[in-house]
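S.K.: Sharing a model that was predicted from the sequence below.
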Amino acid sequence: MPGKNKVAKKRLDKFYYLAKERGYRSRAAFKLLQLDKKFEFLCKSKGCLDLCAAPGSWMQAARQIMPKDSPIIGVDLAPIKPIPKCSSLVDDITTQKCRAALKRELKGNVVDVVLHDGAPNVGTSWLQDAFGQNELTLAALRLATDFLQPGGCFVTKVFRSNDYNALLYVFNALFHKVEATKPQASRAESAEIFVVCRGFKNATIDPKFLDPKHVFSMVDEDDTAVNVLQQKKGKKARPEGYDNLGGIQLLNTKVSVKDFVLGSTPVKMLGEVNAFTWDESDECVFWKAQKQTKPEILHCCGDLKVLGKREFRTADSSGPARGRAQADRGAVQRRHLAGVDPDRTRGRAARRAEPAL
Ligand SMILES: C[S@@+](CC[C@H](N)C(=O)[O-])C[C@H]1O[C@@H](n2cnc3c(N)ncnc32)[C@H](O)[C@@H]1O
């Protein structure tokens, strides 16, 4: 196939060559290095568990940054070639057997950093890939809750799909500070994003938070809740630009700024869309030329899923109304996890979520 080599060549980017040059086993090392540069969770770490660690480049990078006597333990389905002053296990992180093996390896101790860069076998179908990835993330979180000391840090890869918001909700329930970011070494076209959760709460954890059936069902429930705002039940709106398959949102959903501002489902869009685009319509051209449309806003529109509340406030031209609606969406998820019937509160959420345009 003529195009195949070209694609493969393109994938061998500068981080691939840098990794070779610096002796890292994979270009993924730079993702961890860039995450640590931003959040500094490794330099004082007293112990690190690296889940899904093969071939071991995150372990290599962590070993360079962490204090020399702090243990690093890597786990993967595949064997990891020895790395000086690190140990590793061959195991499946989704199993009880792995949990028991880690307990033995740590001799009853806890760690202050748990890393997770796992990727299940991909390539079946996009939807299965995304779901498998996020299930694996939840399994990693489960292990983190077993082995993290209070105040500890969990750094994980997450696939941006419909389940992303549910995972973020759970992270926020278990950690004091949760931030999503995409390091430069992560390919722009990849749906992966990294979430850094700091300040593990020393609290009793409701098992529902770690049960994929419960956590990922929040998304459907919430979807219905938002549909109630704009349309009759059973009739799903399809705003222009949505990639939707059987009601499940796909990656790279982009919507024009014009559709967002003038559309009837801005709240739903904020929660689901990955990016806003500036098309050639008169409205977009006019708005883009305004001095209030600062470069920061243009930048934020390019990747909505990495934005925090502050950026949403800055980027959201209609301000408080949409901010409130986001909060309502979170509230529906909170009530779901707490076992409260969201139906009872939907009417109120619907009224408050009307955009102020
Ligand atoms: C992207 S690689 C990790 C790269 C690693 N961070 C590094 O820097 O070398 C993803 C890894 O996840 C592992 N994996 C997938 N599912 C797993 C599971 N259930 N248990 C353990 N490892 C798993 C795969 O074997 C693969 O090695």
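M.R.: Sure, I can see it. Every value quoted in this text rests on a predicted model; they were computed, and no experiment measured them. Numbers count the residues shown, from 1 in each chain.
S.K.: how close does the residue of the stretch 101-250 of the chain found nearest the ligand get to W58?
M.R.: Of the residues in the stretch 101-250 of the chain, the one nearest the ligand is D117, at a distance of 3.5 Å by CB to the nearest ligand atom. The C-beta positions use only the backbone N, C-alpha and C, and glycine is treated the same way. Computed with CB to CB, to the nearest Å, the distance linking D117 and W58 is 6 Å.
S.K.: got it, and I297?
M.R.: For I297, the distance to W58 under the criterion CB to CB works out to 34 Å.
S.K.: neighbour-wise, which of these two wins?
M.R.: Looking at I297 and W58 with other CB atoms under 10 Å, you find the greater number of neighbours at W58, namely 29 against 19.
S.K.: Break this structure down into its domains, please.
M.R.: Using automatic domain parsing, the domains assigned to the chain come out as 13-210, 231-352.
S.K.: Would you mind naming what in the stretch 101-250 of the chain lies close to the ligand?
M.R.: Within the stretch 101-250 of the chain, the residues that sit near the ligand (CB under 6 Å from any ligand atom) are 117-120, 136.
S.K.: which neighbours do D117 and W58 share?
M.R.: 28, 32, 50 (CB atoms under 8 Å, 6 or more residues apart in numbering).
S.K.: Does the first one touch D117 like I think?
M.R.: Looking back up the chat, that one is A28. Yes - when contacts are counted by CB atoms under 8 Å, A28 is listed as touching D117 (6.2 Å).
S.K.: What is the most widely separated pair among the residues of the stretch 101-250 of the chain next to the ligand?
M.R.: By the measure CB to CB, these have their two most distant members at D117 and P120, which lie 12.1 Å apart.
S.K.: which of the residues in stretch 254-274 are buried?
M.R.: When burial is assessed from 16 or more other CB atoms under 10 Å, stretch 254-274 yields the following buried residues: 254-261, 263, 265-274.
S.K.: Show only the entries of the residues you listed found in strands.
M.R.: Those of the buried residues of stretch 254-274 mapping onto strands are 254-256, per DSSP state E.
S.K.: still on that earlier bit, worst average pLDDT in the domains of the chain?
M.R.: Taking each of these in turn, the one with the lowest mean pLDDT is domain 231-352, at a mean of 58.
S.K.: just the strands in the stretch 1-150 of the chain please.
M.R.: For the stretch 1-150 of the chain, the strands defined by DSSP state E, counting those that start in this stretch cover 48-51, 72-76, 87-90, 111-116, 148-159.
S.K.: top helix in this protein by residue count?
M.R.: In the chain, with assignment by DSSP state H, the single longest helix is helix 126-147.
S.K.: Show me what that helix is packed against.
M.R.: Counting contacts by 3 or more CB pairs under 8 Å, 6 or more residues apart in numbering; DSSP states H and E, the secondary-structure elements packed against helix 126-147 are strand 48-51, helix 96-105, strand 111-116, strand 148-159, helix 164-174, strand 192-200, helix 212-230.
S.K.: what's the angle from it to helix 96-105?
M.R.: Using axes from the mean of the first three to the mean of the last three CA atoms, to 10 degrees, one finds that helix 126-147 and helix 96-105 are set 30 degrees apart in direction.
S.K.: For the ligand, tell me which of the shared contacts of D117 and W58 show up nearby.
M.R.: Counting by CB under 6 Å from any ligand atom, the subset of the shared contacts of D117 and W58 that neighbours the ligand consists of A28.
S.K.: Pick out whichever of the shared contacts of D117 and W58 sits closest to Q290.
M.R.: Sorting the shared contacts of D117 and W58 by how near they are to Q290, with CB to CB, puts L32 at the top with 39.8 Å.
S.K.: Stretch 151-158: which residues count as buried?
M.R.: Counting neighbours by 16+ other CB under 10 Å, stretch 151-158 gives 152-158 as buried.
S.K.: same deal with stretch 36-53?
M.R.: Neighbour-count burial for stretch 36-53 [16+ other CB under 10 Å]: 36, 39, 41-42, 45-53.
S.K.: Run a quick neighbour tally on R104.
M.R.: For R104, which is what you asked about, the neighbour count (other CB under 10 Å) is 9.
S.K.: Tell me, how many residues neighbour the closest residue to L42 other than its chain neighbours?
M.R.: Take L42 and drop its neighbours on the chain: the residue closest to it by CB to CB, 6 or more residues apart in numbering is I65, 4.2 Å away. Other residues near I65 number 18, with proximity taken as other CB under 10 Å.
S.K.: And D91, by the same measure?
M.R.: There are 18 residues near D91, going by other CB under 10 Å.
S.K.: So it is in contact with A78, correct?
M.R.: No - using CB under 8 Å, D91 makes no contact with A78, being 10.5 Å away.
S.K.: Please type out the PyMOL selection for whichever of the residues of the stretch 101-250 of the chain next to the ligand turn out to be buried.
M.R.: Here is the PyMOL command that selects the buried residues among these (16+ other CB under 10 Å):
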select buried, resi 117+118+120+136
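S.K.: any chance of the residues of the stretch 101-250 of the chain next to the ligand in CSV, with distance to C98 too?
M.R.: Conversion of these to CSV gives the following (distance: CB to CB, whole Å):
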residue, distance to C98
D117, 16
G118, 12
A119, 17
P120, 15
L136, 12
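S.K.: measure the residue nearest to L42 to A188 for me?
M.R.: Distance, I65 to A188, using CB to CB: 26 Å.
S.K.: likewise K294?
M.R.: When distance is defined by CB to CB, K294 is 22 Å away from A188.
S.K.: The two: which has the busier surroundings?
M.R.: For the pair K294 and A188, the greater number of neighbours falls to K294 (12 against 8), based on other CB under 10 Å.
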